[in-house]
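# A structural model of the following input is requested.
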Amino acid sequence: MVSQEQRRRQLAREKFLRQQQRRTESRRKARVRNSAIASVLGVIVIGSVALYTTHVLGGDDKKTDAGAKTTPSASAKPSKAPDPCQKPAAGSVKKLSWKKEPAMSIDTSAKYTLDLSTTCGDIPIALKTSAAPHTVNSFDFLAGKGFFDHTKCHRLTTQGIYVLQCGDPQGTGMGGPGYTLPDENLKDAGLKKNTYPAGTVAMANTGQKHTGGSQFFLVYKDSPLPPQYTPFGTISASGMKVLDKISAAGESTGQGDGAPNATVVINKATVTKS
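Numbering: from 1, shown residues only. The predicted model follows:
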């Protein structure tokens with residue numbers, strides 16, 4: 001017969017094992033979440049140097065990404081949806097670079113709109129001028145110089161987080177304007193429970209503070225991210241329809257993180273004061 005003391009010890013062991021299992025699962029989820037954040041948006045350049053990492057979903061800490069890639073078999077080939085977009089307008093990307101952030105020239109009390117005229121349709125964006133003045137001022141400056149014209153939106157994520165990334169003149173995730181911007185508006189009321197809601201436009205960065213440049217991402221579906229990326233605009237309803245078309249075409253790797261299948265090129269970027 002099992003004594004009362006033996007039974008007490010058995011129950012204690014079982015409780016300890018349950019606690020260990022819960023802690024192990026909690027650590028695993030934390031690693032997956034953190035690596036997903038780092039892999040998808042650590043992409044912007046500081047000057048001419050960039051951090052651009054992609055991870056493969058696997059069994060160890062180096063290869064965990066809740067929102068990115070799975071390991072394909074040798075014979076697996078991602079299916080490619082038809083391109084829903086038009087051919088890019090004639091022209092080429094300008095090779096422009098500056099050593100420092102442009103001087104403030106916008107009216108921070110006024111309303112500004114960024115219109116991305118893309119091969120897939122127009123994406124109007126209401127800018128948060130007073131909340132992110134440095135960022136909006138930079139976009140006004142860069143758009144006025146034609147910096148974004150003819151640039152590709154080089155990255156689409158379709159698992160874990162749901163964003164289209166643009167603003168790199170090189171189209172590789174390694175380009176920028178030569179200067180960096182301070183983080184702004186990280187306490188935006190719309191960023192609830194570590195989520196960037198659909199319709200948000202925010203700056204990409206290297207994962208370090210104050211490293212935004214020209215690359216930005218458009219959120220087409222609520223995405224779990226910590227408040228570390230300057231939210232500076234809101235996409236219009238018509239712009240969201242364009243993003244839905246782009247996301248429906250998928251990305252090139254079939255693994256949730258790669259170049260969009262759609263030919264997404266910004267023919268012209270325009271900032272307008274209203």
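
# Who are the contact partners of the spatially closest residue to Asp244 that is not a sequence neighbour?
Nearest residue to Asp244, sequence neighbours excluded (C-beta to C-beta, 6 or more residues apart in numbering): Tyr220, at 6.5 Å. C-betas here are computed from N, CA, C, even on glycine. Contacts for Tyr220 (C-beta atoms under 8 Å, 6 or more residues apart in numbering) come out as 162-164, 198, 240, 243-244, 246-247.

# Was I right to think Thr113 contacts Val271?
Yes. Using C-beta atoms under 8 Å, Thr113 is in contact with Val271, at 7.2 Å.

# Touching both of those two, which residues are there?
If you check Thr113 and Val271 against C-beta under 8 Å, 6+ apart, the residues they both contact are Leu127.

# List the beta-bridge partners for Gly212.
On the basis of DSSP bridges, Gly212 is bridged to Leu181.

# Quick check, it in contact with Asn205.
Yes. Contact criterion C-beta under 8 Å: Gly212 and Asn205 qualify, at 5.0 Å.

# Which one of those two is surrounded by more residues?
Gly212 (29 against 25; other C-beta atoms under 10 Å).

# tell me what the longest strand along the chain is packed against?
When the chain is parsed with DSSP state E, its longest strand is strand 265-273. If you count contacts as 3 or more C-beta pairs under 8 Å, 6 or more residues apart in numbering; DSSP states H and E, strand 265-273 packs onto strand 112-118, helix 133-144, strand 151-152.

# what's the residue closest to the geometric middle of this structure?
The chain has Phe217 as the residue nearest its centroid, 4.4 Å off, counting by C-alpha atoms, centre = their mean.

# where does that residue land in three-state SS?
strand (DSSP: H, G, I helix; E, B strand; the rest coil).

# Please tell me how far it sits from Gly167.
9 Å (C-beta to C-beta, to the nearest Å).

# and for these two, which residues touch both?
Ala204.

# Point out where the chain drops to low pLDDT.
Low-confidence segments of the chain (pLDDT under 70): 1-81.

# And the strands in it, which stretches?
Secondary structure of the chain (DSSP E): strands located at 45-46, 49-50, 112-118, 121-127, 151-152, 155-157, 163-166, 195-196, 200-203, 216-219, 223-224, 231-235, 257-258, 265-273.

# strand partners of the longest one, parallel vs antiparallel please.
According to DSSP bridges, strand 265-273 forms sheet pairs with strand 112-118 (antiparallel), strand 151-152 (antiparallel).

# For Glu101, which of those is the nearest?
Of all these, it is strand 112-118 that lies closest to Glu101, at 17.2 Å by C-beta to C-beta.

# what comes up buried for that closest one?
112, 114-118 (16 or more other C-beta atoms under 10 Å).

# what angle sits between that strand and helix 133-144?
40 degrees (axes from the mean of the first three to the mean of the last three C-alpha atoms, to 10 degrees).

# contact partners of strand 112-118?
85, 106, 122-127, 129, 136, 139-140, 143, 148, 153, 166, 201, 233, 239, 242, 264-274.

# Please repeat the previous calculation with a cut-off of 7 Å.
106, 122-127, 129, 136, 139-140, 233, 242, 264-274 (C-beta atoms under 7 Å, 6 or more residues apart in numbering).
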